[in-house]
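Novice: give the three-dimensional model of this entry:
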Amino acid sequence: MKRRAHARIPACDGAPASSSWRRARLCAIALLLIWPWPLQGQGERVAVLLNVQGIIGPAMADYVQRGMQAAEERQAPIVILRMDTPGGLDSAMREIIRGILASSVPVAVYVAPSGARAASAGTYILYASHIAAMAPATNLGAATPVQIGGFPGGDGDRGRPAGKEGDAEKEKKAPAAPNEGAMERKVINDAVAYIRGLAQMRGRNASWAERAVRDAASLSADDAFKQDVIDLVAATVGEILSKIDGRTVHILGQEKVLHTAKLDVVTIEPDWRTRLLSAITDPNIAYLLMLLGVYGLIFELANPGLILPGVLGAICLIVALYAFQLLPVDYAGLALILLGLTFMVAEVFVPSVGILGIGGVAAFAIGSVILFDTGIEGFEVALPLIGAISLLTLGFFGGVLGAALKARARPVVTGREELLHSIGEAMDDFEGMGRIHIHGEDWSARSQVMVKRGQKVRVTAIDGLRLDVEPLEEQ
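Specialist: Here you go, the predicted model:
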């Protein structure tokens, strides 16, 4: 028994010569499996660079969070967000800030290149970063929040992009009516408290941060450095790494000294998932996907058995609903679009002389305009696209309505009704009951006056299988 048990245990040495090659291969495979190989990129001293360009939305938030996670897996000394943004959605901005605050890797926000800006949501993200830097000839600020869909319960400038020059002074001087702008003040106060908290955490100018929210104030790079809003002005990423080397930052309640001099920079580009998410969360793409989905399902229901329109329509509609779940959709606009489509479809089946169709197009156009009423630059459905689709839809249903009216105006060419007012020929002389030949058939006929053989007669009424006729000469 002992020999048998010993024979089952593989050994790397002392093996018989006949099986030595086989044993060597097994040992090599075992070493490869148990050897503590490092993860890809782990321990490399490289700075991770993420490009935050354009509107900050769900796709950008996903890209930044995944990039910071990759930097943590690499144990990178620092993550640099190179930013150029006009602003974005509050939800996406807060996701990025939560990722920065929870990151175990220092995060530097760098507003670049020259001519770039960190407006609105970009200002909040810059204040949340461990290191704030700007390139020459850049600016930040104008961080007043824009309430999506308007401020319920108040009058005046609801839903406008706040922060226009002079607005804050006018609001201070003019006494507010009861409940007037209550929701707007609530949103602004919340934003002020949020950015002041970030400023105090990072030891930056909290007073100017409040002005950026209340008065939509903006600063150039040099002025931001002088007013202690940012930590440094640098022309390149390499210059940032040189200037912050040896600086101490607070990360998750602990102090950490940065060692960033002469680091290589690795740029993480958006992957296919981020690009796909960016595409479907574009308001214009999401809008078109919704229309393709609805039209595909309508076409499938009108022509059962085609399958392809139904499959494509269902896929497009589900993707569009997923995008709407991520985007700030005004549900009144979505309801108007669906109501307009319902009216236009009903126009095909209900004789309303175009009232349902015209009303449907109007509801469709209005709903499309307010579907993404964000007030954020570049984050709405393009008006030319809305106009083109509304005109195409109006033309389509106008053509359907015109074809239906033409069909109703045409004379009946088949069936019982087609016999009325048709011309036939008497087959014999009769007054009262007789027979006529009409449309290639012989029919029983009845006439109140004398009809002669071969005389043309007109059908005036149908009674079962008998026709009432009158001679053409008498009429």
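Novice: show me where pLDDT drops low in the chain?
Specialist: By pLDDT under 70, the weakly predicted segments of the chain are 1-44, 146-181, 348, 351-353, 373-378, 397-418, 473-475.
Novice: beta partners of Ile251?
Specialist: Gln254 (DSSP bridges).
Novice: relative to His130, how far out is it?
Specialist: Distance, Ile251 to His130, using CB to CB, to the nearest Å: 7 Å. Placement of C-beta: from N, CA and C, glycine included.
Novice: and for these two, which residues touch both?
Specialist: Pro106 (CB atoms under 8 Å, 6 or more residues apart in numbering).
Novice: who has more neighbours out of these two?
Specialist: Applying other CB atoms under 10 Å to Ile251 and His130 shows that His130 carries more neighbours, namely 24 against 14.
Novice: distance check, the more buried one against Val265.
Specialist: Counting by CB to CB - His130 and Val265 are separated by 17 Å.
Novice: cool, Asp62 as well?
Specialist: Asp62 is 22 Å from Val265, by CB to CB.
Novice: may I see the buried residues of the helix or strand where Ala191 lies?
Specialist: Using DSSP states H and E, Ala191 sits within helix 182-202. Neighbour counts using 16 or more other CB atoms under 10 Å place Glu184, Val187, Ile188, Ala191, Val192, Tyr194, Ile195, Arg196, Leu198, Ala199, Arg202 of helix 182-202 among the buried residues.
Novice: what about the second one, distance to Arg196?
Specialist: Val187 sits 15 Å away from Arg196 when distances are taken as CB to CB.
Novice: can you pull the buried residues of stretch 250-258?
Specialist: Lys256, Leu258.
Novice: can you list contacts of that stretch?
Specialist: 77-78, 102-106, 130, 244-249.
Novice: I figured Phe343 hits Gly357, correct?
Specialist: Yes - taking contacts as CB atoms under 8 Å, Phe343 lies within contact range of Gly357: 7.0 Å.
Novice: what about Tyr295, distance to Met183?
Specialist: 37 Å.
Novice: I'd say Leu289 and Thr281 touch.
Specialist: No - taking contacts as CB under 8 Å, Leu289 lies outside contact range of Thr281: 10.6 Å.
Novice: any idea whether Arg446 is helix, strand or coil?
Specialist: Arg446 falls in the strand class when you classify it by DSSP: H, G, I helix; E, B strand; the rest coil.
Novice: what about Phe343 and Gly357, which has more around it?
Specialist: Comparing Phe343 with Gly357 by neighbour count (other CB under 10 Å), the higher total belongs to Gly357, at 25 against 22.
Novice: state the distance from the more buried one to Ser91.
Specialist: 38 Å.
Novice: Asp468 now?
Specialist: 77 Å.
Novice: list the contacts of the residue nearest the centre of the chain.
Specialist: Central residue of the chain (CA atoms, centre = their mean): Thr281, 3.0 Å from the mean position. With contacts defined as CB under 8 Å, 6+ apart, Thr281 is in contact with Gly57, Pro58, Ala59, Ala323, Leu326, Leu327.
Novice: next, format those residues as CSV and append neighbour count and distance to Leu472.
Specialist: Shown next, in CSV, are these (neighbours: other CB atoms under 10 Å; distance: CB to CB, whole Å):
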residue, neighbour count, distance to Leu472
Gly57, 24, 78
Pro58, 21, 78
Ala59, 23, 78
Ala323, 22, 70
Leu326, 19, 75
Leu327, 21, 72
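Novice: show me the contacts of stretch 250-258 that map onto strands.
Specialist: Counting by DSSP state E, the contacts of stretch 250-258 place Thr248, Val249 in strands.
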